[in-house]
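1. Next come a sequence and a model predicted from it.
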Amino acid sequence: MSKKKIAVLVGSLRKESYNKKVAKAMIKLAPDSLDLEILEIGNLVHYSEDLDVNPPAEWIAFRQKIKEADGFLFVTPEYNRSIPGVLKNAIDIASRPYGQNMFDGKPGAVASASISGLSGFGANHILRQSMVFLNVLMMQQPEGYIGNAQSLFDEQGNLNNEDTAAFFKRFMTAFETWVNKF
């Protein structure tokens, strides 16, 4: 069986982002059958339908990566009870122009991480709403809510919590099963 290409979209641009650390930890703990790549989304010009006539090179490259992916892992913080604008922008770019949705019919999963105990619950569910419209088949269980993220990593950014590592491994194994259904 060939490896499944998974595009990982991280909704935080901060250099020491807990969400990027979560994504990297999940990638390390993922089954070997998944080839996960974090896609850069901070360099994408804001979506405007006017630019679809002659899309920026970054859009073309990003759309191609989404098109080639067998599935998606979203890892996001919560900003004001929603997803960060940079993640929404990336989703808009890959799903437009209308009728050219690069996400269509592929499996996905979402994990949200936060320094609070609420663990990005709102962002997790807001993202799921958009994915319904885009026909991304989102994994239902296990749900990925990671609270108190600031306590889960050492100074070098390595996961230092065995219970969280075990959960990430279960999550990624379930995601592998989910991806292989499609």
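-> Yep, that arrived. All of these numbers come straight from a predicted model, not from anything done at the bench.
2. going forward, measure contacts and count neighbours with C-alpha atoms only.
-> Noted.
3. Return the residues in contact with A23.
-> Residues counted as contacts of A23 (Cα atoms under 8 Å, 6 or more residues apart in numbering) are 8, 10, 75.
4. possible to save the residues you listed as TSV with distance to D32, pLDDT and neighbour count?
-> Listed next are these as TSV, based on distance: Cα to Cα, whole Å; pLDDT from 0 to 100; neighbours: other Cα atoms under 10 Å:
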residue	distance to D32	pLDDT	neighbour count
V8	16	98	25
V10	21	98	28
V75	20	98	27
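5. which other residues reach stretch 130-145?
-> With Cα under 8 Å, 6+ apart, stretch 130-145 has contacts from 95, 101, 103-113, 118-121, 124, 128, 171, 174-175, 178.
6. and the nearest residue to D154 once chain neighbours are set aside, how many neighbours?
-> Spatial nearest neighbour of D154, excluding adjacent residues (Cα to Cα, 6 or more residues apart in numbering): N160 at 6.1 Å. When neighbours are defined as other Cα atoms under 10 Å, N160 has 13 of them.
7. was I right about N160 contacting A166?
-> No: here N160 does not reach A166: they are 11.3 Å apart, not a contact under Cα atoms under 8 Å.
8. which SS state does the closest residue to Q150 other than its chain neighbours fall under?
-> Nearest non-adjacent residue to Q150, counting by Cα to Cα, 6+ apart: I115, 5.7 Å away. Look at I115: counting by DSSP: H, G, I helix; E, B strand; the rest coil, its state is coil.
9. I115 reaches F153, doesn't it?
-> No: here I115 does not reach F153: they are 11.9 Å apart, not a contact under Cα under 8 Å.
10. tell me, what's touching these two both at once?
-> Going by Cα under 8 Å, 6+ apart, no residue sits against I115 while also sitting against F153.
11. and which of the contacts of A23 is nearest N43?
-> Proximity of the contacts of A23 to N43 (Cα to Cα) peaks at V10, which lies at 12.9 Å.
12. how far away is the closest one from F182?
-> 23 Å (Cα to Cα, to the nearest Å).
13. How about S17?
-> From S17 to F182 the distance is 31 Å (Cα to Cα).
14. Looking at these two now, which is surrounded by more residues?
-> Using other Cα under 10 Å as the criterion, S17 and F182 rank with S17 on top: 20 against 11.
15. what secondary structure does L118 sit in?
-> With three-state DSSP as the criterion, L118 reads coil.
16. Please, which helix or strand holds the residue nearest in space to the middle of the chain?
-> Centroid-nearest residue in the chain, with Cα atoms, centre = their mean: F74, separated by 1.4 Å. According to DSSP states H and E, F74 maps onto strand 71-76.
17. Could you identify the helix or strand that succeeds that strand?
-> Next along from strand 71-76, by DSSP H and E: helix 85-95.
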